[in-house]
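Enquirer: The following block contains a protein sequence and its predicted model.
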Amino acid sequence: MTAHSVKDMAQALSAHAEGDLSIVFKGVAEPAEASTDDLALAMAAEFVASIPDGAALAAIVPVGTDWQAAGLKAAIFVDRPRLAMAGLTGFLSQSAGARPSIHPSAIIDPTASIGANCSVGPYSVIGARVQIGENSVIGSHVSIEDGAVIGADAVLQSGARIGRNVQIGARFFAHSGVVIGSDGFSFVTPEPSVAEKARKSLGKDSSETPVDQDWLKIHSLGGVIIGNNVEVGANSCIDAGTVRATRIGEGTKIDDLVQVAHNVVVGTNCLLCGHVGIAGSAQLGNNVVLGGQVGVGDNITIGDQVVAGGGSKILSNVPKGRAVLGYPATKMAGYIQSYKALRRLPRLMRDFDALQKSVSNKRDTD
């Protein structure tokens, strides 16, 4: 890691600092494990108490901490630790960026446009008419298909795949194994399939003899459009739309192993956690948060600022601002009450059985 002064870090965090601000650190560590070359991260009281167990000269501490009593020579004060972590890790990550260069093994179509100060790693393939903005970092074994457009300051880690005609804004971050613009999972049979009939009748009509039919592929022509400041986690997939584009709004962050199907529209500043699956043509508003393993049915509409707890399965529209949980997803407070009642059910049944026996015994003695 590049060496930085305490003053540099305080300025990066827009935070107040005291002591010897010229102290230089080469890494960051938890207080008990910090050496004299580390900046200790003691942003909670329990970590402040362990500063003497390490050897750090400087630390990031909560506002109001008696840093001199902890044996430090300098301190940076923060009042929101996780926000400080975002600034700190962003600052240190930028300082470790790749140097502008194009590896000789990279294959770049002569019609592609690569902006200034870009880096293209080994064995990457960039197709015809691709446009990549300045200061972007393309890792090893990345493929970008014909006609794709990627804005400035993008980072595509090793093995990322960008499909044809995909449009991506500035400051995009794709982790390893991301696939953007693959074909949607869309098939049809010549006659109504068993799935179509089951959906229409809710499984009530099963009298007809099933017909063995081939599935015919509906190809995806619509592409994907992604706004600025979007991040997509490792091995996540965003499918191209059938006719209109699949859209991901500005500022949205997507975790690992997330599936966004064809024609889905995701609003701005949404958060999609690991293993989320969003079925075709669903629409999410702005500032929606879907916890891990949330599933969203096809053609569902979810309003702005909806929060879905982990494992929820959303099978119907959700209005703006609602918190939901469960399968099927319902209001979070109501679901928790129902779950508590369900846990009490065995005891209630035992009490009921005892009461029933008591009444029966009383009748026998009357």
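Expert: Received, thanks. It should be emphasised that the depicted structure is a prediction, and the values quoted were computed from it without experimental measurement. Numbering: from 1, shown residues only.
Enquirer: What segments of the stretch 1-150 of the chain are helices?
Expert: 6-13, 45-48, 81-95 (DSSP state H, counting those that start in this stretch).
Enquirer: Check the stretch 201-350 of the chain too.
Expert: Listed in chain order, the helices of the stretch 201-350 of the chain (DSSP H, counting those that start in this stretch) span 332-365.
Enquirer: low-scoring stretches of it, by residue?
Expert: Along the stretch 201-350 of the chain, segments meeting pLDDT under 70 span 205-209.
Enquirer: Give me whichever of the helices of the stretch 1-150 of the chain is most buried.
Expert: A comparison of the helices of the stretch 1-150 of the chain by mean neighbour count, using mean count of other Cβ atoms under 10 Å, puts helix 6-13 on top with a mean of 19. Where you see a C-beta, it was placed from the backbone N, CA and C, and this is true even at glycine.
Enquirer: next one: that helix to chain centre, how far?
Expert: 28 Å (Cα atoms, centre = their mean, to the nearest Å).
Enquirer: who does it touch, helix- and strand-wise?
Expert: Here helix 6-13 touches strand 17-19, strand 24-25, strand 58-62, strand 74-78, helix 81-95, going by 3 or more Cβ pairs under 8 Å, 6 or more residues apart in numbering; DSSP states H and E.
Enquirer: what's the span of stretch 38-54, first residue to last?
Expert: In stretch 38-54, first residue to last residue: 10 Å (Cα to Cα, to the nearest Å).
Enquirer: who wins for proximity to residue 141 among the helices and strands packed on helix 6-13?
Expert: With Cβ to Cβ as the criterion, residue 141 lies closest to helix 81-95 of the helices and strands packed on helix 6-13, at 21.4 Å.
Enquirer: Contacts for the closest one, please.
Expert: 1-2, 4, 9, 12-15, 28, 41, 43-44, 60, 62, 78 (Cβ atoms under 8 Å, 6 or more residues apart in numbering).
Enquirer: between these, which has the most around it?
Expert: With neighbours taken as other Cβ atoms under 10 Å, the top of those is residue 60, carrying 26 neighbours.
Enquirer: Count the residues that sit near the residue nearest to residue 146 when sequence neighbours are not counted.
Expert: Leaving aside its sequence neighbours, residue 146 sits nearest to residue 127 (Cβ to Cβ, 6 or more residues apart in numbering; 4.1 Å). Residue 127: 19 surrounding residues under other Cβ under 10 Å.
Enquirer: avg pLDDT for stretch 161-169?
Expert: Average pLDDT, stretch 161-169: 97.
Enquirer: got the contact list for it?
Expert: Counting by Cβ under 8 Å, 6+ apart, 127, 142-151, 154, 156, 174, 178-182, 223-230, 240, 245, 250 sit against stretch 161-169.
Enquirer: please redo it, this time with the cut-off set to 7 Å
Expert: Outside of stretch 161-169, the residues within contact range by Cβ atoms under 7 Å, 6 or more residues apart in numbering are 143-151, 154, 178-182, 223-228, 230, 240, 250.
Enquirer: Same question for stretch 119-127.
Expert: Residues contacting stretch 119-127 (Cβ under 7 Å, 6+ apart): 98-103, 105-109, 112, 114, 137-146, 158.
Enquirer: now, which of these lie within strands?
Expert: Among the contacts of stretch 119-127, the residues falling in strands (DSSP state E) are 101, 102, 107, 108, 114, 137, 138, 143, 144.
Enquirer: Now restrict these to buried residues only.
Expert: 108, 114, 137, 138, 143, 144 (16 or more other Cβ atoms under 10 Å).
Enquirer: just checking, the last one touches residue 130?
Expert: Yes. The pair residue 144 / residue 130 is scored as a contact, 5.1 Å apart, by Cβ atoms under 7 Å.
Enquirer: buried subset of the contacts of stretch 161-169?
Expert: The neighbour-count test (16+ other Cβ under 10 Å) marks 143-145, 147-151, 154, 178-181, 223-228, 230, 240, 250 as buried among the contacts of stretch 161-169.
Enquirer: out of the helices of the stretch 1-150 of the chain, which comes closest to residue 330?
Expert: Closest among the helices of the stretch 1-150 of the chain, once you apply Cβ to Cβ, is helix 81-95, at 29.8 Å.
Enquirer: so residue 323 touches residue 307, yeah?
Expert: Yes. Assessed by Cβ under 7 Å, residue 323 is found in contact with residue 307 at 4.6 Å.
Enquirer: Mind listing the shared neighbours of these two?
Expert: In contact with both residue 323 and residue 307: no residue, using Cβ under 7 Å, 6+ apart.
Enquirer: what's residue 56 sitting at in phi/psi?
Expert: phi -60, psi 140 (degrees, to the nearest 10).
Enquirer: Just give the number of residues close to it.
Expert: Using other Cβ under 10 Å: residue 56 sits among 30 other residues.
Enquirer: With that, I have no additional questions.
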